[in-house]
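# Here's my sequence, what's the structure:
(one chain, ligands or ions: 2)
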Amino acid sequence: MESVIVAIDGPSGTGKSSTSKAVAAELGLSYLDTGAQYRAITWWMISNGIDTTDAAAIASASGKPVIESGTDPAAPTITVDGADASGPIRTQEVTAKVSAVSAVPEVRSRITELQRSIAAAAEKGIVVEGRDIGTTVLPDADLKIFLTASPEARAARRSGELKGKEAADLATTREALIKRDAADSSRKTSPLAKADDAVEVDTSDLTLAQVIECVVTLVEEKRAVK
Ligand SMILES: Nc1ncnc2c1ncn2[C@@H]1O[C@H](COP(=O)(O)OP(=O)(O)OP(=O)(O)O)[C@@H](O)[C@H]1O
Ligand SMILES: Nc1ccn([C@@H]2O[C@H](COP(=O)(O)O)[C@@H](O)[C@H]2O)c(=O)n1
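Ligands and ions are numbered 1, 2, ... in the order given. Below is the predicted model:
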């Protein structure tokens, strides 16, 4: 079977990671979480005392960390300078600072190059999820999906996920999602945006299983005409 490249973009909490992992596993493809890479570089900046509001300092340090992503959808990995970063990149501090770090053009060009090389090395194909995959990273992807969902649905999903850990109330979670999306959509360099040729799927009233089935069908249709 021919290799296939699938780009899945959308705002925070729309189901990109869950859907992408499941679709890749079902179709025998690799999987890349590009948000984890931006979180990893943000974590490195914080750990190394770099002021995440200082774009010049971030730009000059952006080439230093070595970030590696494992692309098995059953067990994706992320390391920074050889150390497992999968836990530390999910803290609220990293979530609050990642939009500022990922807006710096030098960070984006470095991470974009890394993403393209990972996609090119995926022999059977890959599902890559993020914010600018269809518009900038892989504009020639075979299939582009843009997932959306209402802020209410997304906040409810996130609150359920955080229960008992760093849980916040629904309204606070909703505001935080909206704020992060606004920052990601308004940055100058490759903002969060739907590619003109992307298929938009509103997941607000769909179960995760329904979204996965929808995307698998779209990939199979593309493969059939390749
Ligand atoms: N269609 C759905 N129905 C109900 N819950 C869902 C659905 N899709 C995803 N979820 C749940 O919502 C939460 C967020 O999903 P996920 O992490 O996949 O979103 P995301 O778009 O990758 O978010 P982010 O960009 O913030 O990483 C998870 O707990 C996931 O299980
Ligand atoms: N292609 C991408 C992917 C992510 N980002 C930035 O990373 C943040 C975290 O992403 P998650 O998917 O893990 O929530 C996101 O808010 C963006 O700031 C990006 O810029 N481009």
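
# now residue 129, what's its secondary structure?
strand (DSSP: H, G, I helix; E, B strand; the rest coil).

# how about the helices of the chain, start to end?
For the chain, the helices defined by DSSP state H occupy 16-27, 34-47, 55-61, 92-102, 105-121, 151-162, 170-186, 208-224.

# Can you tell me which of the ones you listed is nearest to residue 78?
Closest approach to residue 78 among these (C-beta to C-beta): helix 34-47, 4.6 Å. For glycine as for every other residue, the C-beta is placed from the backbone atoms N, C-alpha and C.

# now the residue nearest the centre of the chain, nearest residue through space, not along the chain?
Residue closest to the average C-alpha location in the chain (C-alpha atoms, centre = their mean): residue 130, at 3.0 Å. Distances taken as C-beta to C-beta, 6 or more residues apart in numbering place residue 34 nearest to residue 130, at 3.5 Å, with adjacent residues excluded.

# From ligand 2, how far out is the one you found?
According to C-beta to the nearest ligand atom, to the nearest Å, residue 34 and ligand 2 sit 4 Å apart.

# give me the number of residues near the closest residue to residue 156 other than its chain neighbours?
Using C-beta to C-beta, 6+ apart and skipping residues adjacent in sequence, the residue nearest residue 156 is residue 170, 6.8 Å away. Residue 170 is flanked by 12 other residues according to other C-beta atoms under 10 Å.

# cool, residue 190 as well?
For residue 190, using other C-beta under 10 Å, the count is 20.

# Show the contacting residues for it.
108, 112, 131, 132, 135, 136, 137 (C-beta atoms under 8 Å, 6 or more residues apart in numbering).

# at 7 Å instead, please
Going by C-beta atoms under 7 Å, 6 or more residues apart in numbering, residue 190 touches 108, 132, 135, 136.

# just residue 145 next, same as before
Neighbours of residue 145 in contact, by C-beta under 7 Å, 6+ apart: 8, 198, 199, 201, 215, 218.

# do the same with residue 14
Residue 14 neighbours (C-beta under 7 Å, 6+ apart): 147, 148, 149, 154, 203.

# Swap in 6 Å and give it another go.
Residue 14 is in contact with 147, 148, 149, 203, counting by C-beta atoms under 6 Å, 6 or more residues apart in numbering.

# cool, residue 206 as well?
Contact analysis of residue 206 by C-beta under 6 Å, 6+ apart lists nothing.

# measure it to ligand 2 for me?
Counting by C-beta to the nearest ligand atom - residue 206 and ligand 2 are separated by 19 Å.

# Distance-wise, check that residue relative to residue 153.
Taking C-beta to C-beta, to the nearest Å as the measure, residue 206 falls 10 Å from residue 153.

# What of residue 173?
For residue 173, the distance to residue 153 - C-beta to C-beta - is 12 Å.

# returning to what we had before: what is the burial count for the residue nearest to residue 130?
24.

# next one: residue 97
As a burial measure, residue 97 scores 18 neighbours (other C-beta under 10 Å).

# now residue 202
14.
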